[in-house]
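*Asks:* sequence and computational prediction follow.
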Amino acid sequence: MWEEVYAPFNVVPRPQGNTGVQMGGWFRKEMNSLADYKGLKMRIPGLGGKVIAKAGGTVVLLPGGEIFTSLERGILDATEWVGPMHDLRMGFYKAAKYYDYPGWHEPGTTLEEEAEKDPMARKVHDAFKKFKAQVGVWGSMSENAYYNVIADTFRPNRNEPPCSRTGALL
């Protein structure tokens, strides 16, 4: 079906990794019930933002470079971003104590690559098969998922939440 949808555009789609499941977000206060969302100022776009707004929260859309400062200064009460690896790099754990998971607003994202459907398509398909054979099991995992596992494995204090330390990966 996927190929049928792309056929009018003369391309052939193939899965090419994913970002892994998103986390629910970083919160400055503990969220225990739906009532806790009333008045909450959260940076969360898309469908997730519509749900937060329906629950009584206020959706604040900000570019990535402004999120940490807004969270730290209390302009935001919460934010979601990508996942443990990227959230760690953004330093959200320094401004918000509670990390909610898993993300319900983006359960998983599959990335794709496309190749033009022409006489070269067979060569592209063969090259893709060789690539998959070379990367083996990691070919089906995302780079994010891999680094999330590594970040959690080398967490110095197992009593701390995942990704609460910067570690040597950054």
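*Replies:* Perfect, I can see it now.

*Asks:* how far away is Lys97 from Glu106?
*Replies:* 23 Å (Cβ to Cβ, to the nearest Å). Using the backbone N, CA and C atoms, a C-beta is placed for each residue, glycine as well.

*Asks:* so those two - more neighbours on which side?
*Replies:* Glu106 (18 against 13; other Cβ atoms under 10 Å).

*Asks:* distance check, the more buried one against Val21.
*Replies:* On the measure of Cβ to Cβ, Glu106 and Val21 end up 8 Å apart.

*Asks:* cool, Glu113 as well?
*Replies:* In terms of Cβ to Cβ, Glu113 sits 21 Å off from Val21.

*Asks:* tell me which of the two has more neighbours.
*Replies:* More crowded of Glu113 and Val21, by other Cβ under 10 Å: Val21, with 19 against 13.

*Asks:* that one should be in a helix, yeah?
*Replies:* No: according to DSSP: H, G, I helix; E, B strand; the rest coil, Val21 belongs to no helix; its state is coil.

*Asks:* quick one, phi/psi of it?
*Replies:* Per-residue torsions, Val21: phi -70, psi 140 (degrees, to the nearest 10).

*Asks:* now do Tyr93
*Replies:* phi -60, psi -20.

*Asks:* tell me the buried residues in stretch 70-89?
*Replies:* Going by neighbour count (16 or more other Cβ atoms under 10 Å), the buried part of stretch 70-89 is 70-71, 76-88.
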